[in-house]
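**Student:** I would like to see how this sequence folds:
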Amino acid sequence: MQVLVYHDLLGMMQRPHHAKVTQKFCKQYAHVGDIINKALVEYKEDVISGAFQGASHNPYKINAADVDGFVSELQRMGLDKAASAAAEVADKNNTSKANQTLIHTLQ
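**Tutor:** Numbers count the residues shown, from 1 in each chain. All right, here's what the predicted structure looks like:
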């Protein structure tokens, strides 16, 4: 009996030490590990730079009453840091949306 792991079949493990442990009986049908790693690096860079998540990737709206209720519930549960972070993100999103509306109005 042999166990074939799809990570090996798809070439998902692209680190040098993984080549040493890939079984000889396993044929690689693709090398998607490099593609996955590249995508994750790009995602990380976009998050750090603030390019993601922009307005085009955030089509959902939440009204102020729901934000307040969520923040209050987090506080009630003793999750003050989470409540502060949620309030900060909501404020940032509202400011960002207001700025985008202003920019579109001025164009």
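**Student:** who's in contact with the one residue sitting closest to the centre of the chain?
**Tutor:** Among the residues of the chain, the one closest to the centroid is Tyr43, at 7.0 Å (CA atoms, centre = their mean). Taking CB atoms under 8 Å, 6 or more residues apart in numbering, we find Tyr43 in contact with Phe52. Placement of C-beta: from N, CA and C, glycine included.
**Student:** in which helix or strand would I find it?
**Tutor:** Element membership of Tyr43, judged by DSSP states H and E, is helix 32-49.
**Student:** Run the chain-centre distance for that helix.
**Tutor:** 10 Å (CA atoms, centre = their mean, to the nearest Å).
**Student:** Then stretch 65-79?
**Tutor:** 23 Å.
**Student:** residues of the helix holding Tyr43 that come out buried?
**Tutor:** By neighbour count on 16 or more other CB atoms under 10 Å, the buried set for helix 32-49 is Val32, Gly33.
**Student:** Can you list the low-confidence ranges for this structure?
**Tutor:** 1-2, 14-23, 94-107 (pLDDT under 70).
**Student:** can we see that at 80?
**Tutor:** 1-28, 31, 50, 53-61, 92-107 (pLDDT under 80).
**Student:** would you list every one of the helices in it?
**Tutor:** Along the chain, counting by DSSP state H, helices occupy 6-10, 16-21, 32-49, 64-76, 80-106.
**Student:** quick one: which of the ones you listed is nearest Ala55?
**Tutor:** helix 80-106 (5.7 Å; CB to CB).
**Student:** Return the alpha-carbon coordinates of the helix holding Tyr43 using CSV.
**Tutor:** Included here for helix 32-49 are C-alpha records, laid out as CSV according to Å, rounded to 0.1, in the frame of the first residue of the first chain:
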residue,chain,number,x,y,z
VAL,A,32,2.0,25.1,-7.8
GLY,A,33,4.1,25.8,-4.7
ASP,A,34,6.0,28.6,-6.3
ILE,A,35,2.7,30.2,-7.5
ILE,A,36,1.1,29.9,-4.1
ASN,A,37,4.2,31.4,-2.4
LYS,A,38,4.3,34.3,-4.9
ALA,A,39,0.6,35.0,-4.3
LEU,A,40,1.0,35.0,-0.5
VAL,A,41,4.0,37.4,-0.7
GLU,A,42,2.0,39.8,-2.9
TYR,A,43,-1.0,39.6,-0.5
LYS,A,44,1.3,40.3,2.5
GLU,A,45,2.8,43.3,0.7
ASP,A,46,-0.6,44.7,-0.3
VAL,A,47,-1.9,44.3,3.3
ILE,A,48,1.2,46.0,4.7
SER,A,49,1.1,48.9,2.2
